[in-house]
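> any chance you can model this:
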Amino acid sequence: MRPLDKCRVKSDAEGPPIPISLSRTRLKLRAFAILAVLSAFSDLPGWVTPALLLVCAAIPLAVWTLWGPESVRALFLPPPRSMENTPEKE
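Here you go, the predicted structure:
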């Protein structure tokens, strides 16, 4: 697991840190992007598409604010493949 896959953010000064997964954030970004594309071609109200696009822009901004530019780069790049699961060639 890469160090950026599990990041911790404190909820308050009093509360325990909340684990936030970068892979889950990546999945949510993809879901909102797909919904934005689908809403542009459907009969949804006109405000839905800009709202979904705004969320798509806000997710990388929030990741950058919390964890910095390296995590934004990791958000858009696919995760590296694990060498443990690949079969060995003889």
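
> just the pLDDT for residue 58.
Model confidence at residue 58, given as pLDDT, is 96.

> neighbours of it, how many?
Residue 58 is surrounded by 12 other residues when neighbours are defined as other Cβ atoms under 10 Å. The C-beta positions use only the backbone N, C-alpha and C, and glycine is treated the same way.

> same question, residue 52
For residue 52, the neighbour count with other Cβ under 10 Å is 21.

> how far away is it from residue 79?
Residue 52 sits 24 Å away from residue 79, taking Cβ to Cβ, to the nearest Å as the criterion.

> same check, this time on residue 73
12 Å.

> ok so residue 20 is a helix residue?
No. If the criterion is DSSP: H, G, I helix; E, B strand; the rest coil, then residue 20 is strand and not within a helix.

> residue contacts, residue 25?
If a contact means Cβ atoms under 8 Å, 6 or more residues apart in numbering, then residue 25 has 59, 63, 75 as its contacts.

> highest neighbour count among the residues you listed?
With neighbours taken as other Cβ under 10 Å, the top of these is residue 63, carrying 24 neighbours.
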